[in-house]
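S.K.: Pasted the sequence and its predicted model underneath.
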Amino acid sequence: MGFMDNIKGKVEDAVDQHGDKIADGIDKAADLADDKTGGKHHDKIEGAASKAKDALDKLDGKNDDLR
């Protein structure tokens, strides 16, 4: 097992255990960015947050942003 495989495994384990918290952090960061820009870039920020959460879901195979 190479170094990158080891890192990938650790990231996947962390996402499995804390995916919901990571998704919450993505939402909070998007909200903060939206507030700081006065909503001027709302669509782009929401799109980026959505892509980040999709990537998170691909890492652990489950939809972490469902509440």
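M.R.: Arrived safely, thanks for sending. Residues are numbered from 1 along each chain as shown.

S.K.: C-alpha only now, for contacts and for neighbours.
M.R.: OK.

S.K.: Longest helix in the chain, by number of residues?
M.R.: Counting residues, the longest helix found in the chain (DSSP state H) is helix 3-36.

S.K.: helices or strands next to that helix in the packing?
M.R.: Packing partners of helix 3-36 (3 or more Cα pairs under 8 Å, 6 or more residues apart in numbering; DSSP states H and E): helix 42-60.

S.K.: which of the residues in the helix it packs on are buried?
M.R.: Neighbour-count burial for helix 42-60, counted by 16 or more other Cα atoms under 10 Å, picks out His42, Ile45, Glu46, Ala49, Ser50, Ala52, Lys53, Asp54, Leu56, Asp57, Leu59, Asp60.

S.K.: on that earlier part again, pull out the buried positions in the longest helix of the chain.
M.R.: Within helix 3-36, the residues scored as buried using 16+ other Cα under 10 Å are 12, 15-16, 19-20, 22-23, 26-27, 30-31, 33-34.

S.K.: angle of that helix against helix 42-60?
M.R.: 150 degrees (axes from the mean of the first three to the mean of the last three Cα atoms, to 10 degrees).

S.K.: which regions of the chain sit below the pLDDT cut-off?
M.R.: For the chain, applying pLDDT under 70 flags the ranges 1, 63-67.

S.K.: if you set the cut-off to 90 instead, what comes out?
M.R.: 1-20, 56-67 (pLDDT under 90).

S.K.: Look up the closest residue to Asp27, ignoring the ones flanking it.
M.R.: Ala49 (6.8 Å; Cα to Cα, 6 or more residues apart in numbering).

S.K.: Contact partners for the one you found?
M.R.: Going by Cα atoms under 8 Å, 6 or more residues apart in numbering, Ala49 touches Ile26, Asp27, Ala30.

S.K.: The first one is in contact with Lys53, isn't it?
M.R.: Yes - at 7.4 Å, Ile26 counts as touching Lys53 under the criterion of Cα atoms under 8 Å.

S.K.: Tell me the secondary structure at Gly39.
M.R.: coil (DSSP: H, G, I helix; E, B strand; the rest coil).

S.K.: Quick check: it vs Ile45, distance?
M.R.: The spacing between Gly39 and Ile45, counted by Cα to Cα, to the nearest Å, is 9 Å.
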